[in-house]
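A.B. asks: Output the structure for:
(chains A and B)
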Number of protein chains: 2
Amino acid sequence: MRILSNKIKDYIGKEIEVAGWVHKIRKLGGITFIIIRDRNGFVQAVVDKETKNIKIQDLKPESVVKITGKLSKDKRAPGGAELRISKIEILSKVKEDIPIEISKKDLGVNLDTLLDYRPITLRNQKQKTIFKISAKVCNVFQEFFDKNDFVEIHTPKIVSQGAEGGAQLFPVKYFGKKAFLTQSPQFYKQIMVGIYERVFEIAPVYRAEEHNTRRHLNEYISLDIEMGFIKNMKDIMEILTEFLKFALPKIKKDCKEELDILGVKIPTIPKEIPKLKLTEAQKILEKEYKERCLGAPDLDPKQEKLISEYADKKFKTKFVFITHYPSKKRPFYVMDDPNDSKYTESFDLIFDYEIVTGGQRIHQYQEYLEKMKRFNLNPKDFDFYLSAFKYGMPPHGGFAIGLERLVAKLLDLDNIREACLFPRDITRLIP
Amino acid sequence: MRILSNKIKDYIGKEIEVAGWVHKIRKLGGITFIIIRDRNGFVQAVVDKETKNIKIQDLKPESVVKITGKLSKDKRAPGGAELRISKIEILSKVKEDIPIEISKKDLGVNLDTLLDYRPITLRNQKQKTIFKISAKVCNVFQEFFDKNDFVEIHTPKIVSQGAEGGAQLFPVKYFGKKAFLTQSPQFYKQIMVGIYERVFEIAPVYRAEEHNTRRHLNEYISLDIEMGFIKNMKDIMEILTEFLKFALPKIKKDCKEELDILGVKIPTIPKEIPKLKLTEAQKILEKEYKERCLGAPDLDPKQEKLISEYADKKFKTKFVFITHYPSKKRPFYVMDDPNDSKYTESFDLIFDYEIVTGGQRIHQYQEYLEKMKRFNLNPKDFDFYLSAFKYGMPPHGGFAIGLERLVAKLLDLDNIREACLFPRDITRLIP
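C.D. replies: Residues are numbered from 1 along each chain as shown, chains lettered A, B, ... in the order given. Below is the predicted model of the structure:
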């Protein structure tokens, strides 16, 4: 029976079988050390003068092997034990020498190489670790919202129209019909508030933006929630804060080993995340940082970083909610501020940059018609969506987190592509 | 503070607030009963001669209301208590009378109506229940494979080529490049075996099949796993069996209420699921049921149903593995039977019809080249996929479950579309 690397310490003195990839081969005098990598870690195996009848000349880094041998205590070896090889079987040979030395701590390749050779570079320990943490983020998202009575849903990704505006859609040939890839599950998650009150979804979304930045992907995983019977948008900011308070300590605890490998510290969430209206934030940016931005519909990346710095100085946290973005620049379904319809009941959560967008939505049919008129949209095109509002929808709101963006931020990665297994961008469709 | 319907029994004798949809209005003499629906169930509220100053003439089925009132014990009412209304606030009016009476136990509409009016028909209790069970299926899938050291992954859905053959792909306009929606995460989940040994994914897949059947969707959720260091395909059938043994009793227990609403019993998994080679199954079908099928590459729906019946008769279970499908008819990555290369190390799990497909995959680079030659495929088109196999891949295999198909089967639904929130088929792109 195969023993995994993290269990070998229970088998010292015994003959065991391990299996995995040849991570490294090192010759020292007459002794050959072979480091085997399996899903949980590493095992050090040796061939010395007493076992030199073992044929290892066909072994190369990344060969897949099954090794039988006797395990003896060795403090210097990973797992505290060393395997003296008595039998070795190659399960899969290496066809060519591997072009990248993946056993190095840091790969030391540029981004294009990293991504072009993804099936190989992901075998590097640091690369591999990133996506264990990414899996954990999804896991705690699901756990938290499941606990809080949210129902997980799966909504279609081939849709008849966009939720956020038409320019950024990928067309799909769908049995002769005009169809697109969805930008957001927005319409569907709102409809589903009419069924379950509280829903969440973890699924890909698509943005056909033609620019290439360090923070954008054309296909990414969106962590979406939508929730009914709210008093106002503060309820949404509150459940987001509660989620982060639940998630970050859990990631810190459950991924201790992974975070150590990456040398990263998970930030803490303050008791309350400070809130600034966009115009307040802009005044601060003008006054404190000489940024000319008053009247702009949004913060640019530099301004997001500065306001996060300001929050750190003033409130001892880099997390800051920016609220009340202008109506003109937010999608039609966003509710206007009841005190000033130039602004909306919407927010971004900034942590160096925007990691979450959310807000309250319109829930009255009549208000939709009025807002759509202002936006020059034809209600006929949104028939099925609006039908939900004809028949009673509670006050509601929600938010969306970009998984890769959050992970890139938590792990302090330079480019969002490093937090995506197989990124899609304007130049990249393969691998 | 709002009290949810399933908690009202703790507040008898108290003044409370509830909120939800007007599910039903019933007048009996001078008394009006208003059944309120919230995410957890129903509350019966009353207006009688003592509270007749409460204005309810604007209420219609599906109006969203907030009601304050005093709760008194009443065995006949849902939750064992009745709310005497002291205040009612309409949060959202109904614009038009609802075209379908959703408070009925069975909607009694045809499939097209059911799906055309999805934002409304999903509010029906039975419809709503289906997708709670669907969410549970995903949840237990994740729980089981997480427990068993599988890492959850997210792979791209926009791809450069198909995994199962070219005819059934939806083309996407991707920045001037030739791209498609993925049929399966196959290539990516195999690559990821090279990283984590064991991976799973819950994500949409796309089949551009032009036929319209009760068992097919053009967009569905695929529950995928892939696992390395297997001895042979039996290891895959075994972990699938273990999953079902874990999942079905858990669904039965956790969704007791939902299953009662639907009037459905979850089947039990036998200690061992019987296995028949395709040719054995075909011989049985010829002998026992006079089906002329020997030599066919697959079973047709009728034959699947019959072999499931046979298994029930012979092995006391309707679950049966059919193995060793012909090489010609399975995708190129499927491993051939080492004893007879006309057949493959592949299986379907049948329960009245096919609910899972899986098998062992080729793991040697050279074998891929040979098989691709036989399939008239150009290895150059699969460069990134094959690169994983150049550098050592363990023996591995996996399976895929169609979520909607499994749910339709478990809940004995007539058409797979009933197990999909917003189905996509050859005629349906909306809602």
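A.B. asks: what's the offset of stretch A:126-143 from the middle of its chain?
C.D. replies: Mean-position distance between stretch A:126-143 and its chain equals 7 Å (C-alpha atoms, centre = their mean, to the nearest Å).
A.B. asks: Please list the residues of the stretch 151-300 of chain A that sit near chain B.
C.D. replies: By C-beta under 8 Å from any C-beta of the partner chain, the residues of the stretch 151-300 of chain A that approach chain B are A:151-160, A:170-175, A:177, A:179, A:181, A:188, A:191-192, A:194-198, A:203-204, A:206, A:208, A:210, A:218-219, A:221, A:229. Heads up, the C-betas are built off the backbone N, CA and C, glycines and all.
A.B. asks: quick one: contacts for A:K314?
C.D. replies: Going by C-beta atoms under 8 Å, 6 or more residues apart in numbering or on different chains, A:K314 touches A:P274.
A.B. asks: same question for the strand or helix carrying it, mean pLDDT?
C.D. replies: Using DSSP states H and E, A:K314 sits within helix A:301-315. In this model, helix A:301-315 has a mean pLDDT of 97.
A.B. asks: cool, stretch A:338-347 as well?
C.D. replies: For stretch A:338-347, mean pLDDT rounds to 96.
A.B. asks: and what of stretch A:408-424?
C.D. replies: Stretch A:408-424 carries an average pLDDT of 97.
A.B. asks: now stretch A:273-283
C.D. replies: 98.
A.B. asks: which residues sit against that stretch?
C.D. replies: Contact partners of stretch A:273-283, identified using C-beta under 8 Å, 6+ apart, comprise A:237, A:241, A:284, A:291, A:293-296, A:298-299, A:303, A:307, A:311, A:314-315, A:317, A:319-326, A:343, A:347, A:349.
A.B. asks: Kindly report the same for stretch A:113-124.
C.D. replies: Defining contact as C-beta under 8 Å, 6+ apart, one finds that stretch A:113-124 is touched by A:21, A:37, A:62, A:98-100, A:102-104, A:107, A:109, A:127-128, A:131, A:417-418, A:421-423, A:428, A:431, B:191-192, B:194-195, B:384-385, B:387-388, B:391.
A.B. asks: Among the contacts of stretch A:273-283, which ones are in strands?
C.D. replies: The strands, defined by DSSP state E, take in A:319-323, A:343, A:347, A:349 from the contacts of stretch A:273-283.
A.B. asks: Give me the subset of the contacts of stretch A:113-124 lying in helices.
C.D. replies: Judged by DSSP state H, the contacts of stretch A:113-124 include A:127-128, A:131, B:191-192, B:194-195, B:384-385, B:387-388 as members of helices.
A.B. asks: Dump those to CSV, plus distance to A:L377, pLDDT and neighbour count.
C.D. replies: Listed next are these as CSV, based on distance: C-beta to C-beta, whole Å; pLDDT from 0 to 100; neighbours: other C-beta atoms under 10 Å in any protein chain shown:
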residue, distance to A:L377, pLDDT, neighbour count
A:Q127, 44, 98, 19
A:K128, 46, 97, 20
A:F131, 39, 98, 23
B:I191, 42, 98, 27
B:M192, 42, 98, 27
B:G194, 47, 98, 25
B:I195, 45, 98, 24
B:F384, 41, 94, 18
B:Y385, 43, 96, 21
B:S387, 47, 95, 22
B:A388, 46, 96, 25
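A.B. asks: Could I get the residues you listed in JSON lines, plus columns for distance to A:I88?
C.D. replies: Output for the ones in helices among the contacts of stretch A:113-124, formatted as JSON lines (distance: C-beta to C-beta, whole Å):
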{"residue": "A:Q127", "distance to A:I88": "27"}
{"residue": "A:K128", "distance to A:I88": "24"}
{"residue": "A:F131", "distance to A:I88": "30"}
{"residue": "B:I191", "distance to A:I88": "26"}
{"residue": "B:M192", "distance to A:I88": "26"}
{"residue": "B:G194", "distance to A:I88": "20"}
{"residue": "B:I195", "distance to A:I88": "23"}
{"residue": "B:F384", "distance to A:I88": "30"}
{"residue": "B:Y385", "distance to A:I88": "28"}
{"residue": "B:S387", "distance to A:I88": "25"}
{"residue": "B:A388", "distance to A:I88": "23"}
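A.B. asks: Looking at these, which is nearest B:S72?
C.D. replies: A:F131 (56.0 Å; C-beta to C-beta).
A.B. asks: Run through the residues that contact the residue of the stretch 251-400 of chain A found nearest chain B.
C.D. replies: Residue nearest to chain B within the stretch 251-400 of chain A (C-beta to the nearest C-beta): A:F384, separated by 3.4 Å. A:F384 is in contact with A:191, B:118-119, B:430-431, counting by C-beta under 8 Å, 6+ apart.
A.B. asks: Which pair in the residues you listed has the greatest spatial separation?
C.D. replies: The most distant members of the contacts of A:F384, if one measures by C-beta to C-beta, are A:I191 and B:I430, lying 12.2 Å apart.
A.B. asks: Go through the contacts of A:F384 and give me the one with the most neighbours.
C.D. replies: A:I191 (27 neighbours; other C-beta atoms under 10 Å in any protein chain shown).
A.B. asks: mind listing the helices for chain A?
C.D. replies: A:111-116, A:118-121, A:125-147, A:186-196, A:233-254, A:256-262, A:278-289, A:301-315, A:365-374, A:383-390, A:403-410.
A.B. asks: B:A81 is nearest to which of the ones you listed?
C.D. replies: Among the helices of chain A, if distance is taken as C-beta to C-beta, the winner is helix A:186-196, at 23.4 Å.
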